[in-house]
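Enquirer: attaching a predicted model along with its sequence, questions to come.
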Amino acid sequence: QLQLVESGGGLVQPGGSLRLSCTASTTFDYYAIKWFRQAPGKEREGVSCISSNDRSTFYGDSVKGRFTISRDNAKNTVYLQMDSLKSEDTAVYYCAATDYSGRYCFTVEYDYFGQGTQVTVSS
């Protein structure tokens with residue numbers, strides 16, 4: 001069974017940057033990967049996804065222009081580069097995977113989730 005481990009979270013000041021990593025336990029070339037986040041008292045929110053075949057990328061409106069998702073299949077790792085961070089980006093960030101070969105990865109259902117990594121944006 002595919003297992004995912006997130007890393008790279010931490011405390012950063014507003015305007016700063018962090019890079020999150022999501023590493024899979026096995027080859028994940030055929031999996032679409034999506035980052036979610038959940039802040040206390042709020043519903044889980046889709047942040048960004050990257051498809052398996054053509055590496056199409058999609059972003060939630062709240063992070064467009066600030067976050068960049070990428071993947072390195074040789075390392076079984078997906079990255080989320082987060083720039084110009086705001087206090088409202090504070091949340092636990094989860095990565096998820098699904099065996100999906102299509103392009104539109106943002107709306108499909110995801111089957112495998114990691115444990116999450118905390119991101120706190122505060123001065």
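Expert: That came in fine, so what should we check first? All figures in this text were calculated on a predicted structure; none of them were measured in a lab.
Enquirer: in the chain, which spans are helices?
Expert: Using DSSP state H, the chain contains no helices.
Enquirer: contacts only, for the residue lying closest to Val5 once chain neighbours are set aside.
Expert: Leaving aside its chain neighbours, Val5 sits nearest to Thr23 (5.2 Å; criterion: Cβ to Cβ, 6 or more residues apart in numbering). To be clear about C-beta, it is placed using only N, CA and C from the backbone, and glycine gets the same treatment. Residues near Thr23 by Cβ atoms under 8 Å, 6 or more residues apart in numbering: 4-5, 7, 75-77.
Enquirer: for PyMOL, what selects the buried ones among these?
Expert: One line in PyMOL is enough to select the buried ones among the contacts of Thr23; burial here means 16 or more other Cβ atoms under 10 Å:
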select buried, resi 4+76+77
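Enquirer: ok, so of the contacts of Thr23, who is nearest Thr120?
Expert: For the contacts of Thr23, the minimum distance to Thr120 (Cβ to Cβ) is 15.1 Å, reached by Ser7.
Enquirer: re the thing from before, next step: the contacts of Thr23 restricted to strands.
Expert: Taking DSSP state E, the ones among the contacts of Thr23 that sit in strands are 4-5, 7, 77.
Enquirer: if we can go back for a sec, in a markdown table: the contacts of Thr23, plus distance to Thr90.
Expert: A markdown table is the format used below for the contacts of Thr23 (distance: Cβ to Cβ, whole Å):
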| residue | distance to Thr90 |
| --- | --- |
| Leu4 | 22 |
| Val5 | 21 |
| Ser7 | 18 |
| Lys75 | 28 |
| Asn76 | 28 |
| Thr77 | 24 |
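Enquirer: need the contacts of Thr23 in a markdown table (columns: distance to Asp61 and pLDDT).
Expert: Output for those, formatted as a markdown table (distance: Cβ to Cβ, whole Å; pLDDT from 0 to 100):
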| residue | distance to Asp61 | pLDDT |
| --- | --- | --- |
| Leu4 | 25 | 98 |
| Val5 | 28 | 98 |
| Ser7 | 26 | 98 |
| Lys75 | 30 | 95 |
| Asn76 | 29 | 95 |
| Thr77 | 26 | 96 |
